[in-house]
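Asker: here's my sequence, what's the structure:
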Amino acid sequence: MSEAEEVTTASWLRDRLLVRVGDNPSYSLRAFARDLGVCHSYLSQIISEKRRLSPLKARQFSVRLALDAEGRSELFSLVSQDHLGEATLPPSPNLFPRPSQRRELALDLDRFRLVAKWYHGAILEFLSITKGRTKPSTIAQRLGLKISTVTAGLKRLERLGLVRKETGVWIPTANDVFVVPDQLELAVRLFHREMLRKAEKELSHIDPTDFEKREYGAMTMAIDVSRLPKAKKRMFEFRKRLMEYLAGEQPTHVYQFNMQLFPLTREKRASSIKRRRSS
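Answerer: From the prediction side, this is the model:
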């Protein structure tokens, strides 16, 4: 299992490139550079961490990507971290946070990472199984992570108030964490991308005893899209009931349950509808 990546300016840009490639497989790094208004070689050096993104370029990227306030804050915070200790940086109050704002922006970045990286939820669930009586090394071994990743994840969860440390023991402070997708849309997409890759990896297991511990199912169906809002509510309630049932009295393992519902048919183009009416 590959190590989960900490968010940097380079990884932040790579994630956005991956999202675009996911939407359009023919999309390339050269196309991304064009959309950002920079040359291909410059962007390549930034993403490969051979060069730092300047504050001026960060502002340009935020405009080109049409980032909302949260996206701008995250990018500017990452660029600011890259340039810490550089006395030559010109002051830019519109780009970098004032000291009173830095903790708030850091928490925004933590929330993004909490949603985007699958292992935060897994750590919380594992702590609930062991009642906190476990070491980071044990969590790392059971979840297939590096100890440094688990330690960083625990500290992030602590900053967000989801765990606390008492006499050397990590204690969860929340039973369940729910995310509103509209508030962290990119992070949610990245999370599901990671989970789909993990599900694909699990499908490669050929040992029948391993397969008995998993369940895969799918349906292709014709639907009335006007019923989608109520269907989504039913799916949400089902997930909650299933979680409560499987937890039982003494949970022993951490599992992942995914649901995807998406259209296979495409919307009719307005131009084709007009042509049909005119004929």
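Asker: all contacts plus neighbour counts: C-alpha atoms, from now on.
Answerer: OK.
Asker: where in the stretch 51-200 of the chain is pLDDT low?
Answerer: 83-110, 112-113, 132, 174-186 (pLDDT under 70).
Asker: could you show me where the strands are in it, in order?
Answerer: Ranges of strands within the stretch 51-200 of the chain are 163-166, 169-172, based on DSSP state E, counting those that start in this stretch.
Asker: would TSV of those with distance to residue 131 be doable?
Answerer: Shown next, in TSV, are the strands of the stretch 51-200 of the chain (distance: least, C-alpha to C-alpha, whole Å):
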stretch	distance to residue 131
strand 163-166	12
strand 169-172	7
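Asker: most packed of these?
Answerer: strand 169-172 (a mean of 19; mean count of other C-alpha atoms under 10 Å).
Asker: who are the packing partners of it?
Answerer: helix 119-130, strand 163-166 (3 or more C-alpha pairs under 8 Å, 6 or more residues apart in numbering; DSSP states H and E).
Asker: check which helices and strands the first one sits against.
Answerer: With contacts defined as 3+ C-alpha pairs under 8 Å, 6+ apart, the packing partners of helix 119-130 are helix 136-143, helix 147-159, strand 169-172.
Asker: contacts for the first one next, please.
Answerer: Outside of helix 136-143, the residues that reach it under the criterion C-alpha atoms under 8 Å, 6 or more residues apart in numbering are 122-123, 126, 145-147, 149-151.
Asker: what angle do it and helix 147-159 make?
Answerer: Counting by axes from the mean of the first three to the mean of the last three C-alpha atoms, to 10 degrees, helix 136-143 lies at 110 degrees to helix 147-159.
Asker: quick one, helices of this structure?
Answerer: Ranges of helices in the chain, per DSSP state H, are 9-23, 29-36, 40-47, 55-64, 69-82, 99-116, 119-130, 136-143, 147-159, 185-203, 208-211, 228-247, 270-278.
Asker: closest to residue 258 out of these?
Answerer: helix 185-203 (7.9 Å; C-alpha to C-alpha).
Asker: what's the closest non-adjacent residue to residue 33?
Answerer: residue 40 (5.3 Å; C-alpha to C-alpha, 6 or more residues apart in numbering).
Asker: can you give me the neighbour number for the one you found?
Answerer: 15 (other C-alpha atoms under 10 Å).
Asker: and it, how far from residue 34?
Answerer: 7 Å (C-alpha to C-alpha, to the nearest Å).
Asker: and the residue nearest to residue 33, how close does it get to residue 221?
Answerer: 43 Å.
Asker: try residue 212
Answerer: Residue 212 sits 27 Å away from residue 221, going by C-alpha to C-alpha.
Asker: on that earlier part again, need the helices of the chain in CSV with distance to residue 168, can you?
Answerer: Shown next, in CSV, are these (distance: least, C-alpha to C-alpha, whole Å):
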stretch, distance to residue 168
helix 9-23, 32
helix 29-36, 46
helix 40-47, 38
helix 55-64, 40
helix 69-82, 30
helix 99-116, 23
helix 119-130, 13
helix 136-143, 11
helix 147-159, 12
helix 185-203, 30
helix 208-211, 35
helix 228-247, 26
helix 270-278, 62
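Asker: for ChimeraX, write the select line for the buried members of the contacts of helix 136-143.
Answerer: Applied in ChimeraX, the following selects the buried portion of those according to 16 or more other C-alpha atoms under 10 Å:
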select :122,123,126,145,146,147,149,150,151
